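# Using only what follows, build the 3D model:
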Amino acid sequence: IALVFDAYDNSDGLSKIITTLEKYNIKSTFFINGEFIKRYPSETKQISIYNHDCASMFFSAIDLTDGDFLIDEDFIRRGLARNEDEFYQTTKKELSLYWHAPYNKKSNQIINAGEKTGYLYIDIPEYSESQLENSVEQLISQCIQNLENSENAIIPIQVGYASTNVQTPLHPNLDLFICTLMKNGYEFVTVNKL
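Numbers count the residues shown, from 1 in each chain. This next block holds a predicted model:
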């Protein structure tokens, strides 16, 4: 299983996430956007210092499929490059060449433009915790049920509290979530090891 953490515009819970991952010796992939990096440079460094895989989530937290912008290869290239620059200026490290569009809003044009820039698009599952309004136990049960049909899986978790109405964010219960999955025989890896 690859736990992936999306860092948009809120760092609430990040220290607890990193502490929990360290407790279980788990390395994860963090998809970080440039606005998060600019707002939270110390937190971005913290992710990097603990050697988690850091990948791109474009520079701005915008819906790239919305139609408000002229989305072409140049636009995608500039958004990814700007994110790389912000990350390097903050951490003195390079982002991995993985990315996904903000809010998982994608099209073939967006994916192809990223590939031409040298990035591999990581397809994040359709469900996300913001769509699940269950108790933590139901959320864990649903994840395990989804995993039973797959050898490898990506589980997206948002850092902070989503701007959407999330009744049960997963990150405050990450310890319970990890323990339950470990008891069910799952191992944790970064996206590049799936």
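
# Low-confidence stretches in the protein?
126-137, 139, 149-152, 162-169 (pLDDT under 70).

# repeat that with 90
Residue ranges of the chain with pLDDT under 90: 1, 8-10, 12-13, 60-72, 103-105, 123-174, 176-177, 180-181, 183-186, 193-194.

# Would you map the helices across it?
For the chain, the helices defined by DSSP state H cover 14-23, 34-39, 41-49, 73-91, 108-116, 136-147, 174-183.

# looking at the ones you listed, which is closest to K193?
helix 14-23 (15.0 Å; C-beta to C-beta). Every residue, glycine included, has its C-beta placed from N, CA and C.

# quick check: angle from that closest one to helix 41-49?
Going by axes from the mean of the first three to the mean of the last three C-alpha atoms, to 10 degrees, helix 14-23 is angled at 10 degrees with respect to helix 41-49.

# Tell me how far helix 14-23 lies from the chain's centre.
Helix 14-23 has its C-alpha centroid displaced from the chain centroid by 15 Å (C-alpha atoms, centre = their mean, to the nearest Å).

# Over to stretch 48-56?
Distance of stretch 48-56 from the chain centroid (C-alpha atoms, centre = their mean) equals 11 Å.

# Same question for stretch 181-190.
Distance of stretch 181-190 from the chain centroid (C-alpha atoms, centre = their mean) equals 18 Å.

# Flag every buried residue along it.
L181, F188, V189, T190 (16 or more other C-beta atoms under 10 Å).

# one step back: pipe the helices of the chain into JSON lines and attach distance to P156 per row.
Listed next are the helices of the chain as JSON lines, based on distance: least, C-beta to C-beta, whole Å:
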{"stretch": "helix 14-23", "distance to P156": "13"}
{"stretch": "helix 34-39", "distance to P156": "15"}
{"stretch": "helix 41-49", "distance to P156": "16"}
{"stretch": "helix 73-91", "distance to P156": "18"}
{"stretch": "helix 108-116", "distance to P156": "17"}
{"stretch": "helix 136-147", "distance to P156": "11"}
{"stretch": "helix 174-183", "distance to P156": "13"}
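
# Buried deepest among those helices, which one?
helix 34-39 (a mean of 21; mean count of other C-beta atoms under 10 Å).

# Looks like I26 contacts L181 (just checking).
No - in this structure I26 lies outside contact range of L181 using C-beta atoms under 8 Å: 10.3 Å.
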